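Undergrad: model this:
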Amino acid sequence: MTRAHPFPATLTYRLLPDADDLSAVRALLDAYRRIPAILDRIRLEHGLGADVVALTALGYRPVRDETSLPARLVTLGIRDFAQASGLDPATITAMPLDDKLFSVKGPSVIALTTLTGRRTMPYRVQGYGGPWRGSSSARLVVAADALTIQAGVTVPQETQTMPETILTRVGRIIGGLSNAALDAVEDRNGLAIAQQALREIDEVIEEARRDLGKVRAEEHRLAARRGQLEAELTALPDKLQTALTSGREDLARAGIARQIDLESQIEAIDSSLASVAERHDAASKAVQAALAARRDAEHRISLLSKPQGRGGDPLAGYDDDAARAGKLERSLRAIDRATGTAAATAEAGVEDLDRLHRDHVIAQRLAALKQGRPS
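TA: Numbering: from 1, shown residues only. Presented below is the predicted three-dimensional model:
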C-alpha cells in the first residue's frame, strides 16, 4: 500500500509557453494586480478592515466586473489581499491557483485558465522543494525569465502501478500480440493463432465501445446540469433588482451569494467538460484504432486461409475482405438493433460516419496517387 509524507512538499512546474500563451498569462496578472486597489476603495466606502467575509460579499461583484477574472481567482485573490492594503501592483508577481484554475493533463501538458479561456502549454518538472506553506493549493509565479507553477503535493514513498487504459491496451493489441501472431504466416498453427488474436481484438472493441458510451453519458449529464445552473444564473439579476427596489437588501445579499455559488459551479463544470472532451477524443480514437486492427486481422486471416491466392501479394483480396467485413459489421448492427445489445443505433450512426470519412480519405489519396502526388 502506498504511504505518503505527512506534509505536502513544494513541486515546481516550469511552463514552456509560446508567445500567445505568455501574453495571455501576463494579461491575467495585469488584471489580478487591480484587485488591491478595488478592495481599498471598498474598505474606504464601507469602513471595513481585514474581514474576509465582508470583503468577499461586497467586493466579489466589483472585482469580477472590473477585471473579468475567473470566479475562483477572484475569491482566492480577495482572501490573499484581505490582510493587506496600499500594495504597489508592480510588486505582485504571483497568483493563487486551485484545481479549477489549473490541471496537469499528462506528462507534458498543463491546462491553465486565463481571461480568454483555458489554455494548454507544455511543461517540465523543475523539482521538489521544501514543505508547502501556501494558503491555496498552488501559485502561478510570473518572473521576467520564467513562468512557473508551484504546487503543494503529497510525495508517495512507494509507487503503485497505474491501471492500463483502453487506449494503451488497443496500442498493445495492435503492436504486440495480435500482429506478432498474425505475422506467423509460416507457422502451421498460424490460422488458429490469428483467429485467437481476432477474438482478443473483438473483446477490446467491445470494451472501447463501453468506455465511449460512459464518456458520452457523463458529457450529457454535465451539459444538462450546466444548462440548469445557467438558466438559474440568468434569472437572478431581475430578482436582485426587484429585491433592491422593494427595500429587501437581505434578500439581495442572499441572491448575490447564490450568484457567486452558481458562477463557481459553472466554472467547475466547464473544467470537467474540457476534461471529458479529451477523454471522449481518446475513447473515439481507441474505437477507430481497434476497428482498423480488426479489418487488418480479417484480411490476414483471409490470406492464411487461402495461401495459394494471387501470388502472395499482400494487398491481394483486400477489397473482398473489406466488403466481407462491411457486411459482417452491418449484420452485427442489425442484430444489435433487434436485441438492444452493445452497438445501438446511435453507435451504428457514428461508425457509419467514421466509415464515410475513411472512404473519403481513401478516395483523396487514390486521386493523389493517380496524379503522381504524394499521399
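Undergrad: next, count neighbours for L22.
TA: By other CB atoms under 10 Å, 15 other residues sit near L22. C-betas here are computed from N, CA, C, even on glycine.
Undergrad: which non-adjacent residue is nearest it?
TA: Nearest residue to L22 in three dimensions, chain neighbours excluded: L147, at 6.8 Å (CB to CB, 6 or more residues apart in numbering).
Undergrad: what residues are up against that neighbour?
TA: 14-15, 17, 22, 25, 140-141 (CB atoms under 8 Å, 6 or more residues apart in numbering).
Undergrad: now do the helices in the chain.
TA: Shown for the chain, the helices assigned by DSSP state H span residues 19-32, 35-46, 52-67, 71-81, 166-175, 177-182, 190-245, 249-305, 318-339, 345-370.
Undergrad: save those helices as TSV, and put in distance to I110 and mean pLDDT too.
TA: Output for the helices of the chain, formatted as TSV (distance: least, CB to CB, whole Å; pLDDT from 0 to 100):
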stretch	distance to I110	mean pLDDT
helix 19-32	10	94
helix 35-46	24	90
helix 52-67	23	89
helix 71-81	16	90
helix 166-175	20	60
helix 177-182	35	46
helix 190-245	22	82
helix 249-305	13	80
helix 318-339	40	48
helix 345-370	31	62
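Undergrad: before we move on, back to that, what about the residue nearest to L22, distance to T120?
TA: 14 Å (CB to CB, to the nearest Å).
Undergrad: before we move on, what about K239?
TA: Distance, K239 to T120, by CB to CB: 38 Å.
Undergrad: follow-up on the earlier one: give the buried subset of the contacts of L147 as a PyMOL selection command.
TA: Entered in PyMOL, the line below selects the buried ones among these, by 16 or more other CB atoms under 10 Å:
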select buried, resi 15+17+25+140+141
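Undergrad: now flag whichever of the contacts of L147 is closest to A252.
TA: L140 (33.9 Å; CB to CB).
Undergrad: flag every buried residue along the longest strand seen in the chain.
TA: Ranked by number of residues, the top strand in the chain under DSSP state E is strand 117-131. By neighbour count with 16+ other CB under 10 Å, strand 117-131 contains the buried residues 119-121, 123.
Undergrad: any chance of TSV for those residues, columns distance to P36?
TA: Formatted as TSV, the buried residues of strand 117-131 follow (distance: CB to CB, whole Å):
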residue	distance to P36
R119	25
T120	30
M121	28
Y123	29
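Undergrad: state the distance from the nearest residue to E218 once chain neighbours are set aside to E207.
TA: Nearest residue to E218, sequence neighbours excluded (CB to CB, 6+ apart): V276, at 5.6 Å. Distance from V276 to E207, counting by CB to CB: 19 Å.
Undergrad: and E200, by the same measure?
TA: Counting by CB to CB, the gap from E200 to E207 is 11 Å.
Undergrad: and if you look at A19?
TA: A19 sits 42 Å away from E207, taking CB to CB as the criterion.
Undergrad: who has more neighbours out of the two?
TA: E207 (16 against 7).
Undergrad: list the contacts of the nearest residue to K105 once chain neighbours are set aside.
TA: In this structure, K105 finds its nearest non-sequential neighbour in A111, 5.3 Å apart by CB to CB, 6+ apart. Shown here is A111, whose contacts under the criterion CB under 8 Å, 6+ apart are 102-103, 105, 118-120, 274.
Undergrad: now with 7 Å, please.
TA: Counting by CB atoms under 7 Å, 6 or more residues apart in numbering, A111 touches 102-103, 105, 118, 120.
Undergrad: beta partners of it?
TA: S103, T120 (DSSP bridges).
Undergrad: separation between A138 and L58?
TA: Distance, A138 to L58, by CB to CB: 27 Å.
Undergrad: what does Q195 give?
TA: Distance from Q195 to L58, counting by CB to CB: 72 Å.
Undergrad: just R258 next, same as before
TA: R258 is 16 Å from L58, by CB to CB.
Undergrad: the two: which is more packed in?
TA: It is L58, of R258 and L58, that has more neighbours when counted by other CB under 10 Å, with 20 against 15.
Undergrad: make sure that one is actually in contact with E45.
TA: No: the criterion here is CB atoms under 7 Å, and L58 misses it with E45 at 8.4 Å.
Undergrad: who touches the closest residue in space to P17 that isn't next to it in sequence in this structure?
TA: Nearest residue to P17, sequence neighbours excluded (CB to CB, 6+ apart): M121, at 4.7 Å. Residues in contact with M121 (CB under 7 Å, 6+ apart) are 15-17, 21, 110, 112.
Undergrad: now do 8 Å
TA: 15-18, 21, 109-110, 112.
Undergrad: only the buried subset of these, as a PyMOL command please.
TA: Here is the PyMOL command that picks out the buried ones among the contacts of M121, judged by 16+ other CB under 10 Å:
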select buried, resi 15+17+21+110+112
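Undergrad: thank you, goodbye.
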